[in-house]
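Kindly generate the corresponding structure for this input.
(one chain, ligands or ions: 1)
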Amino acid sequence: MKIICIGRNYIAHANELNNPVPKKPVFFMKPDTALLQDGKDFYLPEFSKDVHFETELVLRICKNGKHIPEAFASDYYDEIGIGIDFTARDMQSECKKKGLPWEIAKAFDHSAPLGGFLPKSSFEDMGNIPFSLKINDTYRQKGNSQHMIFSFDQIIAYVSQFISLRLGDYIYTGTPEGVGPTELKDHFQAFIGDHKLLDFKVK
Ligand code: MG
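Predicted coordinates:
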């Protein structure tokens, strides 16, 4: 199982980090050891002073494929969930400055909390899925798939040109604006529409 993450997929988020808006999807990966499930606590890593949260819709891949045409891409995921792409922003900034890969800032253990999923069939329109993150009862991020630069199908078609997708893989589809630092004792709750699918505490 692998986790593929899309970067800079919302214009307002690319802007808030002073990144250019991409012409093709930008992607990177997290290993399976990044997953944090079942509402388990997230422990702030000691190596960073600035761990940012990024709330993202997550696709669950339901069959193997490569070179998937965009027209058939929707057959390759069957559930949509919500997760956090934790990012050691201070370390990422260092990597970007030096032109180095980002893995140290993105792929660390438990950097990918993942909540429950809803069947794709429960959504009328993949291009209109509202989602949100509450920290300590305050909404910190609100997004909607309609603001994605690259749609779910475009992401699957693009990524599968380079990397085979396998049953059970996850794709984190990018974060809207509003990312920020994670604090000790924060209580994270993430929603798709009114469904609370992710709930965990920071220690
Ligand atoms: Mg992200």
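
does the ion sit close to the worst-scoring helix or strand of the chain on mean pLDDT?
In the chain, no helix or strand scores lower on mean pLDDT, DSSP states H and E than helix 11-16, which sits at a mean of 87. No - using C-beta under 5 Å from the ion, helix 11-16 never reaches the ion; the gap is at least 8.2 Å. In this view, the C-beta of every residue, glycine as well, is placed from N, C-alpha and C.

what's the answer for stretch 28-35, then?
No - Stretch 28-35 stays out of contact with the ion when judged by C-beta under 5 Å from the ion, the minimum separation being 8.7 Å.

In that stretch, which residues are buried?
Buried residues in stretch 28-35, counted by 16 or more other C-beta atoms under 10 Å: 28, 29, 30, 34, 35.

List the contacts of the second one.
The contact partners of residue 29, by C-beta atoms under 8 Å, 6 or more residues apart in numbering, come to 2, 3, 4, 5, 107.

Repeat the analysis, applying 7 Å as the threshold.
By C-beta atoms under 7 Å, 6 or more residues apart in numbering, the contact set of residue 29 is 2, 3, 4, 5.

do the same with the third one
Counting by C-beta under 7 Å, 6+ apart, residue 30 makes contact with 3, 5, 106, 107, 111, 112.
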